[in-house]
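Enquirer: Any chance you can model this:
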Amino acid sequence: MESTAVIREKYENVLIHDIQLLENMSGEHRDRCCRNKRRDNPSVNFCNDTQEIRSLQNMACDLLKFFRKQKISIDFRWQTALVSCMTLDILRCKCDRPRAGDVCEWVRLKSREDTQSNKKKCCQELCELKETISSLRSCWNKFEKEIAR
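Expert: As a prediction, this is how the structure comes out:
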């Protein structure tokens, strides 16, 4: 695993911009159907106070499961996979699920084939994705503050 200083530098110089883009994309999608369901989802990870890197790894791996969800726009899925794979690369981690590595390899090798930014109707998968993105960003912020001390 990289030193925390190297991880922080890569986060601040590269990944933070992609996370901001992902959050902006998240804001473009309707979440009216998500409001009543927030925090009802047990599969959303939270950042562990003593294990931020492990928490970030778990969240990044969870985000990869959305790559093949057809109800979510391809641009949103692609950016989500990119942020996930970059997080795993920076942390020098892998997912336990065998297909997660396939998604990252595919994202590295292929260009985006469909760049239509079509907004699909709201679904529970979108709600879960948006919560996981928010948790990932919060955990990165927490990790960054911890190593800045």
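Enquirer: how distant is stretch 5-23 from the center of its chain?
Expert: Relative to the centre of its chain, stretch 5-23 is centred 12 Å away, using Cα atoms, centre = their mean, to the nearest Å.
Enquirer: what's it in contact with?
Expert: 2, 53, 76, 79-80, 82-83, 86-87, 90-91, 133-134, 136-137, 140, 143-144, 147-148 (Cβ atoms under 8 Å, 6 or more residues apart in numbering). Glycine gets a C-beta too; all of them are placed from N, C-alpha and C.
Enquirer: what packs against the helix or strand hosting Glu128?
Expert: Assigned by DSSP states H and E, Glu128 belongs to helix 124-148. The elements that helix 124-148 packs onto, with contact taken as 3 or more Cβ pairs under 8 Å, 6 or more residues apart in numbering; DSSP states H and E, are helix 4-10, helix 16-28, helix 52-64, helix 74-91.
Enquirer: Determine which of the ones you listed approaches Glu125 most closely.
Expert: When the helices and strands packed on helix 124-148 are compared by Cβ to Cβ, helix 74-91 sits nearest Glu125, at 10.2 Å.
Enquirer: Direction-wise, compare the closest one with helix 16-28 and give the angle.
Expert: In terms of direction (axes from the mean of the first three to the mean of the last three Cα atoms, to 10 degrees), helix 74-91 departs from helix 16-28 by 150 degrees.
Enquirer: Quick check: next helix or strand after helix 74-91?
Expert: helix 98-109.
Enquirer: what packs against that following helix?
Expert: helix 52-64, helix 74-91.
Enquirer: So which residues make contact with it?
Expert: Counting by Cβ under 8 Å, 6+ apart, 61, 64, 67, 78, 81-82, 84-85, 88-89, 94-95 sit against helix 98-109.
Enquirer: Most neighbours among those residues, which one?
Expert: Scoring those on neighbours with other Cβ atoms under 10 Å, the highest-scoring entry is Ser84 at 28 neighbours.
Enquirer: what's the distance between it and Asn13?
Expert: 18 Å (Cβ to Cβ, to the nearest Å).
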